[in-house]
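Novice: here is my input; please provide its structure:
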Amino acid sequence: MDRVAKENLLLTLVPAESLMQTLRSVDPHTILPLASATQSADGTPAVVAPMSIPVQPPRSPYDRRFYVVRPEEESQSLDALDYHKPVVFFGPELCGKTWLLHTLTSEARQRGAQVVTINLNIIDKTARSSFGSFLHTFALRIFKELKLDINEVNKSFSENRGGPVATLNDLMSWNVLGAINERFVLAIDNVDLISDQPYQDEFFGMLRAWVDSSGFEKLHLVLAISTAPSLLVQDVNRSPFNLGDVLTVPDFTVPQLQSLAKLHNLQVDDGEIARLVDLVGGHPYLTRLAFYEAYRRKMRMGVLLDRVENEPQGGVFAPYLDHLMRKLRQDRALLDSFRKIISQPNLAIDESLGYRLEGAGLATRNYSIKGAPYRIRYLLYTRLGQL
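Specialist: Numbering: from 1, shown residues only. Alright, predicted model coming up:
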């Protein structure tokens, strides 16, 4: 009897409803293997590969399944959101701001809020070239996300009564907030992308006015920045950043790194974690990169770190080191100061340059000690002195 005949016989003998109840009661994990172990070169298990969900490469779009929980930062940001304070996530590139932002907005959405997330990366340089075109595009993004009539945006900006800020204020007040009964969370990622524009103070002043306005009570702002707030807005009275706490996104802790290793289906011992921390601290991107490469190459973490130590260019971290060096070479004074920190760690450098290196995540400083010099943030970054 072939397969089709067997299936038809089964359906005639067993009522459909009874069959469905039986199937629902079966635990799929009892009939599908969860994982298979892979041996590393030394014979010890290095990788436990999932059968259904592939491990996510670094710099992939947000996926809650691969998110490392940050209880303290999540709690603080939710409290700020509840108290109508702007939530500001601050940290250097690839430190986890975007994923933390998405986690917060996902939680807000689950609590019944309307959410719009705008990454300023999607607004091209042409649209950012003038304040009017920038706000026009910004408004279009909001309306599209909320499935509102974008013709209202185009009409309002073509008439341009009172200027672009007044136009956007009216659209937000009448068309957006007027159409929403619940909280409206507006999350803006990569806010720094307008930091070199002449209208940056006007934009941040507009956000500040929204938070202060009695007509905008439904609006809750979430902002992610890599530039220190004091460098983004010259006039503190127009800054939205000093209305609430700025949450600096920290490195992963050892327990969080252990969780990250499990997400990559790796068996990593305490010694390997300690070696990784000695090299790159708990840098979210660099540690995720190390775990992913160990998983992809079916290699123990210790072996991967051995190769990094033995390769002058930095092994799996070489492309990221090249990226940092290209950025440093764009500013000779900044590069010279960075090299001084490497070669003469006790030598004082210009405060403004040190502050920029710290903001970029390349240097750090012990502020509890007066006059303490800047230090290289991670041992890996000493390789930049050789490039």
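Novice: and stretch 195-204, what's buried?
Specialist: Going by neighbour count (16 or more other C-beta atoms under 10 Å), the buried part of stretch 195-204 is 199-200, 202-204. Placement of C-beta: from N, CA and C, glycine included.
Novice: tell me how far the ends of it are from each other?
Specialist: For stretch 195-204, the separation between the terminal residues is 10 Å (C-alpha to C-alpha, to the nearest Å).
Novice: go on, stretch 229-243?
Specialist: Stretch 229-243 stretches 12 Å from its first residue to its last (C-alpha to C-alpha).
Novice: then stretch 120-129?
Specialist: For stretch 120-129, the first and last residues are 13 Å from each other (C-alpha to C-alpha).
Novice: any weak-confidence spans in this protein?
Specialist: 1-52, 387 (pLDDT under 70).
Novice: gap between the residue nearest to the spatial centre of it and T126?
Specialist: Nearest to the mean C-alpha position of the chain, by C-alpha atoms, centre = their mean, lies T98 at 2.2 Å. For T98, the distance to T126 equals 24 Å [C-beta to C-beta, to the nearest Å].
Novice: reformat the buried residues of stretch 195-204 as TSV; add distance to T287.
Specialist: Converted to TSV, the buried residues of stretch 195-204 look like this (distance: C-beta to C-beta, whole Å):
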residue	distance to T287
Y199	38
Q200	33
E202	39
F203	34
F204	33
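Novice: could you list which of those residues belong to helices?
Specialist: Assignment to helices by DSSP state H places the following of the buried residues of stretch 195-204 there: 200, 202-204.
Novice: any idea which helix or strand carries the residue lying closest to V153 once chain neighbours are set aside?
Specialist: Excluding its sequence neighbours, the residue lying closest to V153 (C-beta to C-beta, 6 or more residues apart in numbering) is A139, at 4.7 Å. Assigned by DSSP states H and E, A139 falls within helix 131-146.
Novice: buried ones in that helix?
Specialist: Neighbour-count burial for helix 131-146 [16+ other C-beta under 10 Å]: 131-132, 134-143.
Novice: ok, these vs A360, which is closest?
Specialist: Set against A360, the nearest of those by C-beta to C-beta is F134 (25.0 Å).
Novice: now that closest one: how far from L353?
Specialist: Per C-beta to C-beta, F134 is found 30 Å from L353.
Novice: need the buried residues of helix 131-146 in a markdown table with distance to Q56, can you?
Specialist: As requested, the buried residues of helix 131-146 are arranged in a markdown table below (distance: C-beta to C-beta, whole Å):
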| residue | distance to Q56 |
| --- | --- |
| F131 | 38 |
| G132 | 39 |
| F134 | 33 |
| L135 | 35 |
| H136 | 35 |
| T137 | 30 |
| F138 | 30 |
| A139 | 33 |
| L140 | 31 |
| R141 | 26 |
| I142 | 29 |
| F143 | 32 |
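Novice: all set, thanks.
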